[in-house]
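In: Quick one: sequence and predicted model below, then my questions.
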Amino acid sequence: MSRKIVVGYDGSAASQRALDFAITRATAQGDSIIIAHVLEWSPYSFLTPSEIEERHKRRKEELDRAETAIITPMMKKVEAAGVPVTSTLKYGHIADTLCKIAEDEGAALIFIGRMGQSGLSSRIFGSVAGTLAQVSPVPVTIVP
Amino acid sequence: MTQRAFTLTATGLAATLAAASSAAAQGLDEKINEVFASSTGWFVSFIFSNFPGTSFPWIVGWLVIAAFIFTIYFGLIQARAFPHAIALVKGNYSDPNDAGEVSHFQALATALSGTVGLGNIAGVAVAVGIGGPGATFWMILAGLLGMATKFTECTLGVKYRNEFEDGHVSGGPMYYMTKGFAERGVGGGKILAVLFAIFCILGSFGGGNMFQSNQAHAQIANVVGDYPGWITGLVFALVVFLVIVGGLKSIASVTEKVVPFMGVLYVLTALVIILINFDQIGNAFGQIFRGAFTWDGAVGGAIGALIQGFRRAAFSNEAGVGSAAIAHSAVRTKEPITEGFVSLLEPFIDTVVICTMTALVIIITGQLVTDPETGMFVLNEAGTAIQTVSGNSGVALTSAAFSETFGWFRYILAVAVVLFAFSTMISWSYYGLKAWTFLFGEGQTKELLFKIIFCVFTWIGAAASLGPVIDFSDAMIFAMAVVNIIALYVLMPVVKREMESYLGRLRSGEIRRFK
């Protein structure tokens, strides 16, 4: 049976590895891939009045940039490998949003890369991979 | 504006700067004071004049009566919509697909950082110091009424804003005056709008800028010792310049993060002090209610308390001034009324919560001297204010009250005052700019010119004690309220229609919660 795999992709080398790994799995098992790109965003951050005024414009620019620079080339790559692919582009907290996408799309797996920070910074800021491993509703594959 | 004219103006400004920075700045102060006092004094005395035969400034009456009328007209909307306003701010009604747009919370936080400031710290101390604890009661009442005014102006601000092709928006009273009046077939909108824009620009230079940098300098000097104001002014002007001209986001975002933190820290510290003295709470509220209605020895008795309370609330939360309408109008929302609901929380947080905390701490820590025999407050020698334990008034009184329990708090307070002043300046630079572009049109050079002038005033504000100039710009902020409230009266049926339609759809479930 064909399953859906959500791949968290942000353009980094680690996420590239996750996508490559997902492609090999999908090819082997006849699965499809959802490329998910999440733009970090908190509705509780603080903005200056002029940032508020320009926000709508900036959002559009950010979405356009993500679409052309990140989503489109990767869609082509996955298609070239012969794997059925869709994409999704969202704002939000990265780990939470990936979980939400997996639920909404009825996906069976989440694949992500990891930044490989160790020690202090991940203790303070947490890591997407770590959080996702804790809260994901579906099995998570973390690709080193 | 042509490049040439701009260069000329810039050269002129640079020359003014150089001239004023000389050691002879003192002489310049006097000259500016003289010119201002003689040419604008009549306007200042007009705005701050009292109702005949009283010591009650008519402008305060104008604001409070308007707030009262809006409260009745919208059927106590501040109470009815309060839970919904909280739900909106929490994001319960935000479509997840709109994530990445400005949230209601962000709009509220930004508007608040423009209003929370010296009024909450110094203004309240002045009110309680003169009018006694009873002033607190009237201040809270004025804050509660002011919520309806904010609701009205912010709804209109969003409804009649201009949206440009590239997606950015400009809004505020100037736009609802022109577009709203035309829509209703009422004349005079354009004239009101131009007047409002002029007052707003001048107000942004003064009360929203010079006054702030002036007080921030006073506060720094209070902690580190006296030094020339132009140094603070130059640093402030430079930082403001980097933020508003250079687009240096990092400083702005640091401030925008620290300011709310300071606000919360301020309220929490006040709460801790109040809880430590919990046995005094009943007594404090007793004093507040007694003082509001009966003679307690404060200046002017119950009427004095009322005047002081109303006045400080109006000064502090800016309801009716029109500034908040500019701040909120940039938010992206399908329903203008939701921004109105969110904005009614502002006077609540600013006045009912933060100002009351300041007042309670001053009362509970026993800063005001009473006669042990009669229990009446003792006035100072001049009879202009209640005698305080430390002999202080204004910021120093608040500082003394907080330091009674936590000695270190006066350093925190100094930092808070400086940051509040800074965030207020950033907000007002935006309000002034919007009024400026309304008059002169949008364009890089024109906007840059305004920003440079703004920074020059930041610097002058700290460098000099320009009493008449500051009086004048305060008068300008209240002149904004005069024209703005006229427009609110004309346009309030529009808000009512929006309100009834929205509340109806909310009840029927057409407007749904997302979480």
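Out: Perfect, I can see it now.
In: and residue 75, how many residues sit next to it?
Out: Unless you meant another one, I'm taking chain A. A:Met75 has 16 neighbours, counted by other CB atoms under 10 Å in any protein chain shown. C-beta coordinates here come from the backbone N, C-alpha and C atoms, glycine included.
In: looking at chain B here, not the other one
Out: Neighbour tally, B:Gly75, other CB under 10 Å: 13.
In: again, but for B:Met476
Out: Counted with other CB under 10 Å, B:Met476 comes out at 24.
In: Check the one 10 residues further on too.
Out: For B:Ile486, the neighbour count with other CB under 10 Å is 17.
In: Could you pull out the strands in the chain for me?
Out: By default, I'm working from chain A. Here chain A has its strands, by DSSP state E, at A:4-8, A:32-40, A:85-92, A:109-113, A:140-143.
In: Chain B, not that one
Out: Taking DSSP E, the strands of chain B run over residues B:162-163, B:169-170.
In: Need the winner for burial among those.
Out: When the strands of chain B are scored by mean count of other CB atoms under 10 Å in any protein chain shown, the highest mean neighbour count falls to strand B:169-170 (a mean of 20).
In: and for that one, what are the contacting residues?
Out: For strand B:169-170, contacts defined as CB atoms under 8 Å, 6 or more residues apart in numbering or on different chains pick out A:53, A:56, B:161-164, B:329-330, B:332, B:434, B:437-438, B:442.
In: would JSON lines of the strands of chain B with distance to B:Glu34 and mean pLDDT be doable?
Out: As requested, the strands of chain B are exported to JSON lines (distance: least, CB to CB, whole Å; pLDDT from 0 to 100):
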{"stretch": "strand B:162-163", "distance to B:Glu34": "41", "mean pLDDT": "86"}
{"stretch": "strand B:169-170", "distance to B:Glu34": "37", "mean pLDDT": "83"}
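In: mind checking which of those is nearest B:Ala237?
Out: Nearest to B:Ala237 among the strands of chain B is strand B:169-170; the distance by CB to CB comes to 25.5 Å.
In: follow-up on the earlier one: between the contacts of strand B:169-170, which is closest to B:Val469?
Out: B:Lys434 (22.6 Å).
In: quick revisit: distance to A:Cys99 and mean neighbour count added to the strands of chain A, as a markdown table?
Out: Compiled in a markdown table, those are given as follows (distance: least, CB to CB, whole Å; neighbours: other CB atoms under 10 Å in any protein chain shown):
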| stretch | distance to A:Cys99 | mean neighbour count |
| --- | --- | --- |
| strand A:4-8 | 9 | 26 |
| strand A:32-40 | 11 | 22 |
| strand A:85-92 | 10 | 18 |
| strand A:109-113 | 8 | 26 |
| strand A:140-143 | 9 | 18 |
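In: any chance of the strands of chain B in JSON lines, with distance to B:Ile59 too?
Out: Compiled in JSON lines, those are given as follows (distance: least, CB to CB, whole Å):
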{"stretch": "strand B:162-163", "distance to B:Ile59": "30"}
{"stretch": "strand B:169-170", "distance to B:Ile59": "28"}
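In: Select, out of the ones you listed, the one closest to B:Asn214.
Out: Here strand B:169-170 is closest among the strands of chain B (CB to CB), at 29.5 Å.
In: The closest residue to B:Ile281 other than its chain neighbours: what's it in contact with?
Out: Using CB to CB, 6 or more residues apart in numbering or on different chains and skipping residues adjacent in sequence, the residue nearest B:Ile281 is B:Ile274, 6.5 Å away. B:Ile274 is in contact with B:Ile281, B:Met357, B:Leu360, B:Val361, B:Ile364, counting by CB under 8 Å, 6+ apart.
In: Select, from those residues, the two members most distant in space.
Out: Maximum pairwise distance among the contacts of B:Ile274 (CB to CB): 12.5 Å, between B:Ile281 and B:Met357.
In: Neighbour count: these two, which is higher?
Out: Neighbour count, other CB under 10 Å: between B:Ile281 and B:Met357, B:Met357 has more, with 20 against 14.
In: Spatially, which residue comes closest to that one, not counting chain neighbours?
Out: Going by CB to CB, 6+ apart, B:Met357 has B:Ala270 as its nearest residue, at 3.7 Å.
In: Tally up the residues packed near that neighbour, please.
Out: 25.
In: Could you do B:Gly282 as well?
Out: So B:Gly282, with other CB under 10 Å, has 9 neighbours.
In: Quick check: pLDDT value at it.
Out: pLDDT recorded at B:Gly282 is 90.
In: and the gap between it and chain A?
Out: Distance of B:Gly282 to chain A, computed by CB to the nearest CB, to the nearest Å: 37 Å.
In: sorry, back to before: from the contacts of B:Ile274, which is closest to chain A?
Out: Closest approach to chain A among the contacts of B:Ile274 (CB to the nearest CB): B:Met357, at 21.6 Å.
In: Tabulate the contacts of strand B:169-170 (TSV), appending distance to B:Cys200.
Out: Formatted as TSV, the contacts of strand B:169-170 follow (distance: CB to CB, whole Å):
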residue	distance to B:Cys200
A:Glu53	16
A:His56	24
B:Arg161	15
B:Asn162	16
B:Glu163	21
B:Phe164	20
B:Ser329	13
B:Ala330	16
B:Arg332	23
B:Lys434	8
B:Thr437	11
B:Phe438	9
B:Glu442	16
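In: can you tell me which residues contact B:Val495?
Out: By CB under 8 Å, 6+ apart, B:Val495 lies in contact with B:Phe74, B:Phe151, B:Thr152, B:Thr155, B:Leu156, B:Ile337, B:Gly340.
In: Determine which two of those are furthest apart.
Out: Using CB to CB, the two most remote members of these are B:Phe74 and B:Leu156, lying 12.8 Å apart.
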